[in-house]
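A.B. asks: Let's see this in three dimensions:
(4 chains)
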Number of protein chains: 2
Amino acid sequence: MARPCCYFSPMPLPEPLRAATVGDVAALAGVSSATAARALGGYGTVSPRTRDRVADAAHALGYRANGIARSMVTGQTSTLGLVVADIENPFFAAVTRGFGDVARSAGYDVMVVNTDEDPARERAALGVLVGRRVDGVALSPASSREAGHLHMHVASGQPLVLLDRGVRGLRADVVGIDNRAAARRAVEHLVAAGHRRIAMLAGAGSGGRPLQAEGVPPALMTGLDRIRGYRDALSSAGLDGLPDYLRVTHFRSSAARAAIRELLALPVPPTAVFCSDSLLSLGVLAGAADSGAVIPVDLSLVAFDDADWMDVVTPAVTVMDQPAYDIGAAAADRLLRRVAGDTARPRRVVLPTSLVARGSVAAPRTAVRRVQRPAAP
Amino acid sequence: MARPCCYFSPMPLPEPLRAATVGDVAALAGVSSATAARALGGYGTVSPRTRDRVADAAHALGYRANGIARSMVTGQTSTLGLVVADIENPFFAAVTRGFGDVARSAGYDVMVVNTDEDPARERAALGVLVGRRVDGVALSPASSREAGHLHMHVASGQPLVLLDRGVRGLRADVVGIDNRAAARRAVEHLVAAGHRRIAMLAGAGSGGRPLQAEGVPPALMTGLDRIRGYRDALSSAGLDGLPDYLRVTHFRSSAARAAIRELLALPVPPTAVFCSDSLLSLGVLAGAADSGAVIPVDLSLVAFDDADWMDVVTPAVTVMDQPAYDIGAAAADRLLRRVAGDTARPRRVVLPTSLVARGSVAAPRTAVRRVQRPAAP
DNA sequence: TTGAAAGCGCTAACAG
DNA sequence: CTGTTAGCGCTTTCAA
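C.D. replies: The predicted structure follows:
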């Protein structure tokens, strides 16, 4: 015998297969879906009694608002996009956290996308975020040259905040530090310690793509600015006639390790090195050890970004610290203002850096000798 | 004189204020919106000529598909949710990267949410993700006790993969390592070096909430399992009668620093310590230095997770390494299968760990003495 | 191969 | 205070 119950009243789909909608809740509560929506969404006016009935029905049905549908009609997603160049770099991890904390406390969620310093992936990431209709995007540009997609994005009127790195000619807010001044100060610290042959390791791009020709500045404003600061410091110290100790490497400690080994193997090696990134300084530590160079006796080091391990190594690493968490937080704040409709002209938010002097900087051996002579009459 | 041009044909909204829609493209291409949508979305059948016309029109208008609207009708978002306990922990940073790489190569985007080890924030994060209708969620549970929301989520039929940490009784895939065995092996390494008084620092919770009473195991399966492994190793070595050197601290290096100082100040201090996390080992290095203890002479150390700095400190840190990137990648893979409809019973994916022996482990001083005597006859 | 029309779940006018 | 109605931009039958 067949099961007659099924002929005329097909079973509704079992619970797990279809999520409850406003209409379901409304039906159970015995009100119109508009009223249910008002009660559920917390807008308009609903009588307390109705509100309770709807709430009960929603609870019974396990109703969860469909953010997609809501976004569809409101045109807003309450979501911010964050495009970072390398989520594994502690600097960006902290930026991400600061950004997320501020966004969340303002009722926004965050979609994070990683680009691995690749402009093509960055363009794709931006496309994804725009496709998802995020309300705004914060982005650390992988390149200041390949930025056509950024210009188009800004031209389309969508809020964009640049993180850490600027892009020349782009009408967008920038949140970061004064890289040139910070680098200059870091190198001046080395000059003050008596160093003359000061190298710099600058990071650019990931391992994915070939680097530009030797000596050409990286396609990164941050790197460029730090290189400028390095040169500023050298020339005000009258040190610009010396051999070129600048090396541009990938953002990998292995690349820095090779670079520092090569530098130390020079006929006239540098006595100090300034690293534009914490990852690179990791490579310097390893490479110096490879070369048998002792820090700070044979090589002084100033790094960028105060990574958590920097004060447990021996010697502790002197760093130019930048407020990564605050940069992320400030970027979210700026972006939220733009999302809220602020159309004032682009602002540049510059956060303070600080030099943290630790044990990795000492006078170069030659300078020590010079000091020692008059000290023993 | 008034401007008559505006009376009968109001200007259309200027470009930046309204994004082009399928309808706009269709109108410009002279086809129906259904056809334009087919051409744009790459589904159905469209003649090559029409396809080109539509493509041109789309290009001219700067059309970008509205993912929200698409999700609305397809019920899919091509987005995966990732809930991590601490984005700043290098372990989770690597997991995030592995997860993202696999997701992206399968055409999925990722929404990352940080919970700071707080179950309440975890519940909220899951709610957000569900509201946004992500196709699936991978999550590293902040607590194995407060997991009601996880059970509800699974009951609702939505794909969920647990990352790194399991939750007892939850019918969900788990991707991680065998924490108990790994911890046991790490501690056995210490035992083999001759240690008897072996401490353990286990992490639980962030600084946000008070920790449980002293000695109570943390509400984390990972921590629990590592503690079990520690005890396993101690008891098979016949070392369980010794004083209790286990300390449960927050996931902060400062907490570990205080804990190790306290341990080293004991009348009979431990000669070795096993840390359940790289952050904690950072604190151990600092705290040991505070106490004037030299590693590995006065204190041997085995850490968990091979952070990038671990082989540049002196001595380099012996670690139990877990494949963080692969864990993230495997989790994405598992989740994608579930999203694709795999309803086989929950699987547990266990990835291999490896002990990386470096310089932070040596024989305890007492053991050294014992060895030295017969060595000089 | 193409078009017309119906909706996805929700919000926003506008009446009642 | 509540219900009716009309979409948001897209995909998807179903006919033509």
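A.B. asks: quick one: contacts for A:Ala259?
C.D. replies: By CB atoms under 8 Å, 6 or more residues apart in numbering or on different chains, the residues touching A:Ala259 are A:201, A:247, A:249, A:283, A:287. Any C-beta I mention is one placed from the backbone N, CA and C, and that applies to glycine too.
A.B. asks: do the same with A:Gly287
C.D. replies: Applying CB under 8 Å, 6+ apart, the residues near A:Gly287 are A:256-261, A:264.
A.B. asks: And for A:Leu126, the neighbour number?
C.D. replies: 23 (other CB atoms under 10 Å in any protein chain shown).
A.B. asks: Lowest-confidence entry in the contacts of A:Ala259?
C.D. replies: Lowest pLDDT within these is found at A:Thr249 (90).
A.B. asks: what's the spacing between that residue and DNA strand C?
C.D. replies: 50 Å (CB to the nearest atom of the strand, to the nearest Å).
A.B. asks: Across the sheet, point out what pairs with that residue.
C.D. replies: A:Gly203 (DSSP bridges).
A.B. asks: what's near enough to touch it?
C.D. replies: Per CB under 8 Å, 6+ apart, neighbours of A:Thr249: A:201-204, A:211, A:255-256, A:258-259, A:280.
A.B. asks: returning to what we had before: just the ones of the contacts of A:Ala259 in helices?
C.D. replies: Here DSSP state H is the test, and the contacts of A:Ala259 give A:283, A:287 as lying in helices.
A.B. asks: about what we covered before: which of the contacts of A:Gly287 lies closest to A:Leu242?
C.D. replies: Comparing the contacts of A:Gly287 against A:Leu242 with CB to CB picks out A:Leu264 as the nearest, at 15.9 Å.
A.B. asks: okay, now that closest one: neighbour count?
C.D. replies: Counted with other CB under 10 Å, A:Leu264 comes out at 20.
A.B. asks: which non-adjacent residue is nearest the residue nearest the centre of chain A?
C.D. replies: Central residue check for chain A by CA atoms, centre = their mean: the C-alpha nearest the mean position is that of A:Phe92, 3.7 Å away. Leaving aside its sequence neighbours, A:Phe92 sits nearest to A:Val84 (CB to CB, 6 or more residues apart in numbering or on different chains; 4.4 Å).
A.B. asks: count of neighbours near the residue of the stretch 151-300 of chain A found nearest chain B?
C.D. replies: With CB to the nearest CB as the measure, A:Gly157 is the residue of the stretch 151-300 of chain A nearest to chain B, at 3.5 Å. Look at A:Gly157: counted by other CB under 10 Å, it has 14 neighbours.
A.B. asks: Up against DNA strand C, what does chain A have?
C.D. replies: By the rule CB under 7 Å from any atom of the strand, the part of chain A lying against DNA strand C is A:18-19, A:21-23, A:33-34, A:37, A:40-41, A:43, A:63, A:65-66, A:69-70, A:72-74.
A.B. asks: Narrow those residues to those in helices?
C.D. replies: If you go by DSSP H, the residues of chain A next to DNA strand C have A:22-23, A:33-34, A:37, A:40-41, A:69-70, A:72-74 in helices.
A.B. asks: Hmm, which of those is lowest in pLDDT?
C.D. replies: Lowest pLDDT among these: A:Gly41, 89.
A.B. asks: what's near enough to touch it?
C.D. replies: A:65, A:70.
A.B. asks: With A:Phe91 instead?
C.D. replies: For A:Phe91, the contacting residues are A:164, A:277-278, A:305, A:322, A:324, by CB under 8 Å, 6+ apart.
A.B. asks: Repeat that for A:Ala106.
C.D. replies: Residues near A:Ala106 by CB under 8 Å, 6+ apart: A:332, A:336.
A.B. asks: any idea how far it is from A:Asp333?
C.D. replies: 9 Å (CB to CB, to the nearest Å).
A.B. asks: quick one: A:Ile295 and A:Ala316 touch, right?
C.D. replies: No - the criterion here is CB atoms under 8 Å, and A:Ile295 misses it with A:Ala316 at 10.3 Å.
A.B. asks: Name only those of the contacts of A:Thr249 that count as buried.
C.D. replies: For the contacts of A:Thr249, a neighbour count by 16 or more other CB atoms under 10 Å in any protein chain shown gives the buried set as A:201-204, A:255-256, A:258-259, A:280.
A.B. asks: So which of those residues sits lowest on pLDDT?
C.D. replies: A:Ala204 (76).
A.B. asks: Quick one: the ones in helices among the residues of chain A next to DNA strand C as JSON lines, columns for distance to DNA strand D too.
C.D. replies: Below are these laid out as JSON lines (distance: CB to the nearest atom of the strand, whole Å):
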{"residue": "A:Val22", "distance to DNA strand D": "10"}
{"residue": "A:Gly23", "distance to DNA strand D": "10"}
{"residue": "A:Ser33", "distance to DNA strand D": "6"}
{"residue": "A:Ala34", "distance to DNA strand D": "3"}
{"residue": "A:Ala37", "distance to DNA strand D": "8"}
{"residue": "A:Leu40", "distance to DNA strand D": "12"}
{"residue": "A:Gly41", "distance to DNA strand D": "12"}
{"residue": "A:Ala69", "distance to DNA strand D": "7"}
{"residue": "A:Arg70", "distance to DNA strand D": "9"}
{"residue": "A:Met72", "distance to DNA strand D": "4"}
{"residue": "A:Val73", "distance to DNA strand D": "4"}
{"residue": "A:Thr74", "distance to DNA strand D": "8"}
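A.B. asks: And the furthest pair within those?
C.D. replies: Farthest pair in those, by CB to CB: A:Gly23 and A:Thr74, 18.7 Å.
A.B. asks: State the distance from the closest residue in space to A:Ala93 that isn't next to it in sequence to A:Val312.
C.D. replies: If the residues on either side of it in the chain are set aside, A:Ala93 comes closest to B:Glu88, at 4.6 Å by CB to CB, 6+ apart. Look at B:Glu88 and A:Val312: by CB to CB, they are 17 Å apart.
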